[in-house]
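any chance you could fold what I've pasted below:
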Amino acid sequence: MDLSNYFADAKGLGILATSDAAGQVDAAVYARPHFLDDQTVAFIMANRLSHQNLQSNPRAVYSFVEEGTGYRGKRLYLTKIGEETDPEKIQALRRRPLPAECGVEDEARFLVSFRIDRVRPLVGDAMEA
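Below is the predicted model:
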C-alpha cells in the first residue's frame, strides 16, 4: 500500500512517541505526516518536549489509529534525518490553522524530517514492505 495515499485518505488520531537520551518517554498528539517522498515524512513541531527529545535521540514511533470500530491503523518507526525553520516552507505544508487550545501560536516552528525505517499495522506483529 502506498503510505502517502493511505494518509491522504485516512481519518483518525496520530500519536508521536519520542524519548530523550536517558530513555524518558513522551507521547504527543500529532497530525498526519507530510510525505516528502515515499520513504521520508515530516512533522511541523513547536519547541516542546517531542522536539527536544529528538535533539538527543533521533528515533521515534508514529502511531495512527483510524476512525471507526476496531483497531485499524499504522505504526511508523522513524529516524530523524533533518530539520529546518524556513517559515515559508512550513506554512506551505500546513493543512489548517492551529486550534487556539494548543497554545503555540507564537512559538518557533520546526519542520522535522524522518526516514521511515519500518511500517507495522496498529495491532499485530507483521511488518509491511
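
from memory Gln39 sits against Phe114, does it?
No. In this structure, Gln39 is not within contact of Phe114 by CB atoms under 8 Å, at 9.6 Å. C-betas here are computed from N, CA, C, even on glycine.

how about the CA coordinates for the helix or strand hosting Glu88, as CSV?
Using DSSP states H and E, Glu88 maps to helix 87-93. The C-alpha coordinates for helix 87-93 follow below in CSV (Å, rounded to 0.1, in the frame of the first residue of the first chain):
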residue,chain,number,x,y,z
PRO,A,87,8.6,29.8,7.8
GLU,A,88,7.5,29.8,4.1
LYS,A,89,8.2,26.1,3.7
ILE,A,90,6.4,25.3,7.0
GLN,A,91,3.4,27.5,6.1
ALA,A,92,3.2,25.8,2.6
LEU,A,93,2.9,22.4,4.2
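
so which strand or helix has the closest residue to Tyr6 other than its chain neighbours?
Using CB to CB, 6 or more residues apart in numbering and skipping the chain neighbours, the partner closest in space to Tyr6 is Lys74 (7.1 Å). Using DSSP H and E, Lys74 sits in strand 73-84.

buried sites along that strand?
Neighbour counts over strand 73-84 (16 or more other CB atoms under 10 Å) mark 73-78, 80, 83 as buried.

tabulate those residues (TSV), appending distance to Leu13 and pLDDT.
Shown next, in TSV, are the buried residues of strand 73-84 (distance: CB to CB, whole Å; pLDDT from 0 to 100):
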residue	distance to Leu13	pLDDT
Gly73	9	96
Lys74	12	96
Arg75	13	97
Leu76	14	98
Tyr77	18	98
Leu78	17	98
Lys80	22	98
Glu83	24	97
